[in-house]
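Undergrad: Got a predicted structure here, sequence first:
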Amino acid sequence: MNTPTGNGLYEVINRRRDTRAEFTGEPISPEVLDRMLLAAHSAPSVGMSQPWDFIMVRSPDTLRTFRDHVAREREVFVATLAEERVSTFSRIKIEGICESGLGIVVSYDPTRGGPQVLGRHAIADTGLYSVVCAIQNLWLAATVEGIGVGWVSFYREDFLRGLVRLPPHVRPVAWLCVGPVADLPHIPDLERQGWRRRSPLAAVLHEEHYRAR
């Protein structure tokens, strides 16, 4: 891929990976973690509402409890797969909850910014989109720092809300496994294991209006 000379952003974007099996278990230095969280907190947000919170989870008991819940949800998913997909899925490590040693739960508080958030009146989900921007900022900052991030999605929101004691109105958006890694694979794991392949840009690019493929 040709990128502008001296512009490392494109290289970081293409080097970012969803980390699963590469965590070393070493702790992150407080200075590095602070830089990553500040990058996340600097994300754009609708109406400058900054509707995110970051819950640092390090307790081994809590990590194991969440890992066990994820394992049960993994089995629920496996039961829906065709036989040939089960074989492919079995080769894929889907999380590094305990191995990373740190879980960051990113949540969305729709009350942040008051009852009239500028720019949210027509599209309620803009607050949720803002939280996802913060997650992406954190992920790219982690890549620069040589830190792995794995986004866990095999969980029920009510379970995670109770586990980290979120108020009923606050939505958990992500559990991120975060920690130093031995390396970042050149090829994304799901592609390497044959689950999915990245589509070319041309497959999703439209001019003027949507055209069915």
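TA: Sure thing, it's come through.

Undergrad: since we're on the closest residue to residue 70 other than its chain neighbours, how many residues are nearby?
TA: In space, and not counting its chain neighbours, residue 70 is closest to residue 154: 4.6 Å by CB to CB, 6 or more residues apart in numbering. (Glycine included, C-beta is placed from N, CA and C.) Per other CB atoms under 10 Å, the neighbour tally for residue 154 reads 16.

Undergrad: Quick check: residue 154 is in a strand.
TA: No. Per DSSP: H, G, I helix; E, B strand; the rest coil, residue 154 lies outside any strand segment and is coil.

Undergrad: hang on, it packs against residue 68?
TA: No. Under the criterion of CB atoms under 8 Å, residue 154 is not in contact with residue 68, lying 11.4 Å apart.

Undergrad: Need the distance between the two termini of stretch 69-86.
TA: 20 Å (CA to CA, to the nearest Å).

Undergrad: what's the distance between that stretch and the middle of its chain?
TA: Centre-to-centre, stretch 69-86 and its host chain are 20 Å apart (CA atoms, centre = their mean, to the nearest Å).

Undergrad: Now tell me what touches that stretch from outside.
TA: Stretch 69-86 has contacts (CB atoms under 8 Å, 6 or more residues apart in numbering) with 89, 94-95, 97, 152, 154-156, 159, 163.

Undergrad: Weed out the non-buried ones from those residues.
TA: Neighbour counting with 16 or more other CB atoms under 10 Å marks 89, 94-95, 97, 152, 154-155, 163 as buried within the contacts of stretch 69-86.

Undergrad: OK, contacts around residue 182?
TA: Residue 182 makes contacts with 22, 24, as judged by CB under 8 Å, 6+ apart.

Undergrad: Just the pLDDT for it.
TA: Residue 182 carries a pLDDT score of 89 in this model.

Undergrad: Now it: phi and psi?
TA: phi -70, psi -40 (degrees, to the nearest 10).

Undergrad: Buried residues, the helix or strand hosting residue 66. List them.
TA: For residue 66, the host element (DSSP states H and E) is helix 60-78. Going by neighbour count (16+ other CB under 10 Å), the buried part of helix 60-78 is 63, 66-67, 69-70, 73.

Undergrad: Quick one: mean pLDDT over it.
TA: Rounded mean pLDDT across helix 60-78 is 93.

Undergrad: Could you confirm residue 173 falls within a strand?
TA: Yes. According to three-state DSSP, residue 173 belongs to a strand.

Undergrad: Just the pLDDT for it.
TA: Residue 173 is assigned 98 on the pLDDT scale.

Undergrad: Which residues are in contact with it?
TA: Applying CB under 8 Å, 6+ apart to residue 173 gives the contacts 52, 106-108, 128, 131-132, 135.

Undergrad: let's see it at 7 Å
TA: 106-108, 128, 131 (CB atoms under 7 Å, 6 or more residues apart in numbering).

Undergrad: quick one on the thing from earlier: how distant is the next helix or strand after the helix holding residue 66 from the center of its chain?
TA: Next helix or strand after helix 60-78 toward the C-terminus (DSSP H and E): helix 83-90. Once both centres are worked out by CA atoms, centre = their mean, helix 83-90 turns out to sit 24 Å from its chain's centre.
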